[in-house]
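# Sequence plus the predicted model coming up.
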Amino acid sequence: MTSVATVTGGRDDSASELGHEAYELMRRLFPLCRSLTGSGVRATFDILQEYIQLSRSEVPSGTRACDWRVPDEWNVREAYIVGPDGTRVVDFQRSNLHVVSYSEPVRAVLPLEELRPHLHTLPDRPDVVPYRTSYYERTWGFCLSHRQLLELEPGDYEVVIDATLAPGHLTYAESKLDGRRQEEILISTYVCHPSLANDNLSGIVVATMLAKQLAERPRRHSYRFVFAPGTIGPLTWLERNRTRLELIRHGLTVACIGDDGPLTYKRSRRGDAEVDRAAEVALRDSGTPYRVLEFEPWGGDERQFCSPGFDLPLGAMMRTAHAAYPGNHTSADGLDRIHPRSLTVSIETCLAILEILDTNLTCINLAPDGEPQLGRRGLYRSAGGAVATPAEERAMLWVLNQSDGSRTLLDIAYRSGLPYATIARAAERLRCAGLLEERPRSEEHARSGESVP
Ligand code: ZN
């Protein structure tokens, strides 16, 4: 029989280094001009490949993706506005937020009043530059602070957007980690935002660090990380993976997860999937502030994975969701919003969720008639009469009591209020003492060439 469960629990010494490594990766990725498609996405994957193994897919423009089609590819080389006095008042080189993503190319000289409809600002947040996109409507534009707009003198302005918007490809990348089983845990994040930190470089770096950590660990499940542009990316991926979706046993989307807001888990559409309970227990056990939200059909890429036609058991991990931060999709979402410590706790908590999903088991008590005599087996304190029962002993009593073949270790951790790691350790001790055995999961498939334990 295989080991009942192996849970490391606790924190290792490299924990805080994880957050710093993630933050350094963010600093490298921050300047790149990502969009739905194009060289910024590919350059992002070039850097991620220094950390994890990635395989890329290039999907031609026009390819059907559920009810959508892959758009043309957009690449921008230069974009600027020169004022009447000859100075560059707005320049893409200073910040890629300055050009509306998916702007068509333009080269013109316009009086301010004609340029004005192409200039986007936020009058009620006059110091920040907004982030704007126009993926599915052909236009061009620039974004700047409202304060700067008010300072523009009347006169003729030279506008240049040196871009191509033409049939090309949508690029997504996957990192696949084989486990003992073919069944997969899917982790997805979106890669289409330019120089914005929490939304969603934080998701990219947390997913990357998870893949890097998991590559070093023993794995029961196989893992698949998907890095793809928002909405059209998961739609494309789902369309191309329809025949193998039944292998996905659990999943998480990871986004907006580097700020100092409380860790937040949004349930799957199913609401009672194993990942929903695993996330709740891992958050409870983490000792950090957290929230659990019910499913709703808006937000991030969970909208696609949890659409009724797919209904995958996948929840969303975040901190401050994009709609909940007033500076979202503006230059206020900079690297100064990100805390390496927050990244560390985000990564650790996601790893704890994944570890629960990877080690969770249903067991059977082999001595169910009454309480087995634990003291005789060296599992119980020898001196009687103590009022408080230590957690390790309570955990063994919970595991024995609940292990009738219908409840998992996760169910027992949830019901007992004891940490999952404590429950899993108790199960392992009971297994070694011959009091417990794993109930095999009939629905699982070993990888070809490997025996089913
Ligand atoms: Zn966003």
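Looks like it came in fine. The structure displayed is predicted, hence computed values, not measured ones.
# Quick check: residues of the stretch 151-300 of the chain near the ion?
Proximity of the stretch 151-300 of the chain to the ion, by Cβ under 5 Å from the ion, involves residues D199. All C-beta atoms are positioned from the backbone trio N, CA, C, and that covers glycine.
# show me where the stretch 151-300 of the chain has strands.
With DSSP state E, counting those that start in this stretch, the ranges of strands along the stretch 151-300 of the chain come out as 156-166, 169-177, 184-190, 222-228, 248-254, 263-266, 290-293.
# How many neighbouring residues does the residue of the stretch 201-350 of the chain found nearest the ion have?
For the stretch 201-350 of the chain, the residue positioned closest to the ion under Cβ to the ion is H322, at a distance of 4.8 Å. Residue neighbour count, defined by other Cβ atoms under 10 Å, stands at 18 for H322.
# now swap in P326 and tell me
P326 is surrounded by 10 other residues when neighbours are defined as other Cβ under 10 Å.
# how about it, what does it touch?
Going by Cβ atoms under 8 Å, 6 or more residues apart in numbering, P326 touches R125, A332.
# where does it land in three-state SS?
Three-state assignment for P326 (DSSP: H, G, I helix; E, B strand; the rest coil): coil.
# quick one, what contacts D311?
When the contact criterion is Cβ under 8 Å, 6+ apart, the partners of D311 are R269, R270.
# Tell me if I am right that it is in a strand.
No: with three-state DSSP as the criterion, D311 is coil rather than part of a strand.
# Once you drop chain neighbours, what's closest to L410?
By the measure of Cβ to Cβ, 6 or more residues apart in numbering, the closest residue to L410 outside its immediate chain neighbours is N360, 4.6 Å from it.
# One more: P313?
Using Cβ to Cβ, 6+ apart, the nearest residue to P313 is A273, at 3.6 Å.
# and the gap between that neighbour and I185?
Counting by Cβ to Cβ, to the nearest Å, the separation of A273 from I185 is 12 Å.
# quick one: common contacting residues for those two?
What both A273 and I185 touch, as defined by Cβ under 8 Å, 6+ apart, is the set H250.
# neighbour-wise, which of these two wins?
Residue environment comparison for A273 versus I185 gives the larger neighbour count to I185, 26 against 21, counting by other Cβ under 10 Å.
# From what I see, the more buried one and L357 are in contact.
Yes: between I185 and L357 there is a contact at 6.0 Å, judged by Cβ atoms under 8 Å.
# Spell out which residues are contacts of both of these two.
If you check I185 and L357 against Cβ under 8 Å, 6+ apart, the residues they both contact are H221, R249, H250.
# Find me the pLDDT at the second one, would you?
As predicted, R249 sits at a pLDDT of 97.
# repeat for the first one
Confidence per residue is given as pLDDT, and for H221 that number is 97.
# Give me the distance between it and D178.
Applying Cβ to Cβ, the value for H221 to D178 is 10 Å.
# Neighbour count: the two, which is higher?
Here H221 and D178 are set side by side on neighbour count (other Cβ under 10 Å), and the busier one is H221, at 25 against 14.
# So out of everything in this structure, what residue is nearest the ion?
Nearest residue of the chain to the ion, counting by Cβ to the ion: D199, 4.3 Å away.
# before we move on, back to that, for the strands of the stretch 151-300 of the chain, which one sits closest to L54?
With respect to L54, and counting by Cβ to Cβ, the nearest of the strands of the stretch 151-300 of the chain is strand 169-177 at 4.4 Å.
# what about that closest one, average pLDDT?
Averaged across strand 169-177, pLDDT comes to 98.
# relative orientation of that strand and strand 222-228 in degrees?
For strand 169-177 against strand 222-228, the angle between stretch directions is 160 degrees (axes from the mean of the first three to the mean of the last three Cα atoms, to 10 degrees).
# which helices and strands does strand 169-177 pack with?
helix 39-48, strand 55-60, helix 202-215, strand 222-228, helix 232-240 (3 or more Cβ pairs under 8 Å, 6 or more residues apart in numbering; DSSP states H and E).
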